[in-house]
Structures are given as structure tokens and as C-alpha cells.
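> Okay, here's the prediction I keep looking at, along with the sequence it came from:
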Amino acid sequence: MFDSKLLEQLRVLYVEDDISIRNSLTALFSKLFAEVLTASDGEEGYQVCKSEYENGNTIDVVISDITMPNMDGIEMLKLIKQIDQNIPFVLTTAYSDVQYFKEAIKLNVTHYAIKPINIKEVMVHIQEICAVKFQEKAIINKQKELEEYLNAIGQVALISKTDLEGNITYVNEIFCEISGYTQDELIGKPHSIVRHPETSQKTFEELWKTIQSGNIWKNKLKNLSKEGTSYYVNSTIIPILDKYNDEIIEYISIRFLTTQEEEEKRRFKKQVIKNMGGMKKDFSDLKKENETLKEKIKFFSHIDLIKNQLDTEKKRNDKFLSQIKHYEKEIQTIKDRSEHLIVEGKKRLNEALKEKKEYKKKFEAMLKKNEQLENLLEEREATINRQEGIIVQKNKRVKNLFDVIDYREGQLTKLGIRLEPHKREDDEKED
């Protein structure tokens, strides 16, 4: 059974030097495909294909005769393969030449058809290869969408990729800025180059166990920059599978800076302010206890200046705290937006995988139905052949009976007996 929706999306180049065959099959192909481009020989076919690709168009299938003037189908195929290595190619010929078969195999010809062309068989092969091609194209489009999401996230997050051994293969600018390393210093190095020694080995054992099993790992990590300063990140590490979803080919890590370091600074500043308050109280107590010591009171006459300086510092700290809160709010907004993008990217990827499974299931059902139709056709052809044999045998018997009648009439005529003449079926047709 043909998938008409699939065939109606295809642009086909049909190359045939016999004008009668070309016209008749072009009329048929035009009913099945979205567009049919034609050429009368290999040279013209190559030029048509070249022109289409130069204008930004693609050709989904090429159907071509082998033996043609100016340039045969094999030579044309070699040139077209230089334009598009993966283009499906169906070769047709009136001869079963072994040399042609060998050349076709070398060039990965999709199908080799002997004339007269079995249209049904050719359509099945075209549908089969194009279904797989369209599935791969859909997966590539989904992967491009995921890349776009990752690029958007890369504007606000620390992005890195590693091979299966944990060696860095890619880092974005924000990663370099926060870690203090350049790309040249990071590429090829193990990701542990930014690992903080205070992070437990158990955490990394759990990390590797999770991602090597194909699952996503999420947790907060403390990292160490090149300059020796610490910074905290919320990490998400995702295993990336090959296009068949069979094997892990790399890992991608998406990290967002957290405010833990800022919180520690805030706690430290509060403690300083608290200590300053304690110092002020100590100074006040000391002043009360030593009211009688006039000379020493003069020694502490600059306490008001210190107080003013402390008040100034307190105002500055309050301003910094306000700015920190503002930045925390902005970072949280960016984080929420990025997490949404990650979820949406995963959702689209899962949809693509689901579509792939459905296409595979439909394709297998299509092959099964096609096999059943072929078996039924063979059975009917065998029945027709048997009936034709029976009819031939009956015709032979009828002819033999007519010969016997003619012979007996001859004998009766010799004996002087004349019968009403009979007509054969052939004579009746002439009358």
C-alpha cells in the first residue's frame, strides 16, 4: 500500500532518452509526486540537478535509464553524487549487464530495475528510502531546535561539554569568565580542573553512576576558579545519545550561579555590624567607668569621628545589600526562564523520538501489507496461467474433433452419401 501523503512531498528527476517511455511515465509520475523534472540524456539530467541545487532547491529521488546518448546513467550518477552524496537513485535498463550491476553497487544505487519497469516495485523502494530520509530530517530539525534552546540558555548559564572520559570538548564564554580560564586552557582537560577539594568524592561517584546509566543528574556544586576563589553552581548534566538513541556520545552540563557566596558575605557583614555595636557598647561602658579620668576621656575624644565613619560604612553596606537583593531577583528570573527552556527542549526531543517510533511502526506495517499483496498477486497470476493452459488444451481437442468430422465426411462422400455441410467456428467468424 502506497503512502500518498509521503509521495506527494517528493520532487523527482526522471531521465530517459526514449520519448514515448518518458512521456508515458512522466504522466504517471506527475499524479504521484509533487513535481517531476525530466531530461532526455545524462548530460541534460546532470545540468538540471546542478541548476536546482544552485538555486537552493533539492531533489528527493532520481530515476534514470542507463544506456543513453551523450552521457550514460552511471556517469551522470557519479557527477550527481558530487552534488548530493545521499540522494536516492533508481536505475532502469533493458539489459541485465553484470558490469552495470557492479558499478551500481559501488555507487550505492537505491534500486536497479529491469525494463519493462514494474511501477509498483519501484514505488515501494522509493517510498521505503524516502520514509527513512524524512524521519532523519525530522530528527535533525528537532535537534536544531534543541541547539537553539541551548544557545539561548548559553547567554545566561555556564555551558560545557565533555567526552565519555570527562575531558572538556566545549565551554562557553560565561564558563571561562567565571572560572578564570581561557578556552585553550580548558579544552582537552578533565572537568575536575574546576572541582573544589571540599566536595566529597561520593558526590562525584553518584554523578558518574547517574549519567553513565543515561539519566540526568542535578545538584548544587562548589567549584574553584583559576585564581583560587570559590563559587557555587546549580548543575544539570545531561547524557547526549547518538541519532539512533542507542549509545551515549557525550555529556553536556548546564550550570547557574547560586547566591550562596553572596549569602555568606551578607552574614559576614551582619556579624561585622554586630561586632561594631558591641564595640560601641564597650566604649560606652568604659566611658562611664572612667568618668573621673579627665585626661583619658580626652584621649577618646575622637570617638564621634569613628561613629560617623561607622555610620557611613553602614549606609554603604545597606546600599550594597539592596543591590545584592536586586541582582538575586534578576538571577532567579533568568534561572526560571532557563529551566523552562530546558523542560521545553526535553519535551520536543521526546516528541521527536515518539514520532520516530510511530513512523517505524507504520513502515513495518506497510512492508507487511505489501508482502501480502505480492503473495496474493502471485497466487492470482498462477490461477490465470492454469486457466489459460486448460483453455489451450480444450481448443486443441475441438480442433481434433473437427479434423475427425472432416475425415468421416470424406469417407461418406466416397460412398455417395452427402450430408449437410457444417461450419467451423473459424468459418463463422469470417462470415
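Looks like it came in fine.
> which residues does the residue nearest to L207 when sequence neighbours are not counted contact?
Spatial nearest neighbour of L207, chain neighbours left out: W217 (5.2 Å); criterion: Cβ to Cβ, 6 or more residues apart in numbering. Any C-beta I mention is one placed from the backbone N, CA and C, and that applies to glycine too. Counting by Cβ atoms under 8 Å, 6 or more residues apart in numbering, W217 touches E206, L207, T210, I211, S235, T236, I237.
> Need the max-distance pair from the residues you listed.
Put simply, by Cβ to Cβ the two of the contacts of W217 set farthest apart are E206 and T236, 14.5 Å from each other.
> neighbour-wise, which of the two wins?
Shown here are E206 and T236; by other Cβ atoms under 10 Å, T236 has more neighbours (19 against 13).
> beta partners for the more buried one?
K218, I254 (DSSP bridges).
> Next one, pLDDT for it please.
Looking at T236, its pLDDT is 92.
> which residues of the stretch 201-350 of the chain fall in strands?
217-224, 230-241, 248-257 (DSSP state E, counting those that start in this stretch).
> so which of these comes closest to Q155?
It's strand 248-257; of those, that one is closest to Q155 (Cβ to Cβ) at 12.0 Å.
> Contacts only, for the closest residue to E75 other than its chain neighbours.
For E75, ignoring the flanking residues on the chain, the nearest one in space by Cβ to Cβ, 6+ apart is G42 at 5.8 Å. Going by Cβ under 8 Å, 6+ apart, G42 touches V15, S64, M68, N70, M71, D72, G73, E75, M76.
> a markdown table for the contacts of W217, including distance to L412?
Shown next, in a markdown table, are the contacts of W217 (distance: Cβ to Cβ, whole Å):
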| residue | distance to L412 |
| --- | --- |
| E206 | 112 |
| L207 | 111 |
| T210 | 107 |
| I211 | 105 |
| S235 | 113 |
| T236 | 109 |
| I237 | 108 |
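> Most neighbours among those residues, which one is it?
Within the contacts of W217, most neighbours by other Cβ under 10 Å means I237, with 22 neighbours.
> so it touches I252, yeah?
Yes - using Cβ atoms under 8 Å, I237 is in contact with I252, at 7.4 Å.
> can you pull out the helices in the stretch 201-350 of the chain?
Applying DSSP state H, counting those that start in this stretch to the stretch 201-350 of the chain gives helices spanning 201-212, 260-289, 294-299, 303-414.
> before we move on, the earlier item: which one of the contacts of G42 is nearest to E381?
S64 (29.0 Å).
> now the closest one: how far from G42?
Separation of S64 from G42 (Cβ to Cβ, to the nearest Å) stands at 7 Å.
> Spit out the residues that contact those two alike.
By Cβ under 8 Å, 6+ apart, the residues touching both S64 and G42 are V15, G73, M76.
> So which of those residues sit within helices?
Among these, DSSP state H puts G73, M76 in helices.
> Any quick ChimeraX command for the buried ones out of the shared contacts of S64 and G42?
The following ChimeraX line selects those of the shared contacts of S64 and G42 that are buried, judged by 16 or more other Cβ atoms under 10 Å:
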select :15,73,76
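> circling back: need the least confident one among the helices of the stretch 201-350 of the chain, by mean pLDDT.
Lowest mean pLDDT within these: helix 294-299, a mean of 50.
> wait, doesn't M68 sit right on V15?
Yes - in terms of Cβ under 8 Å, M68 counts as a neighbour of V15; the distance is 7.2 Å.
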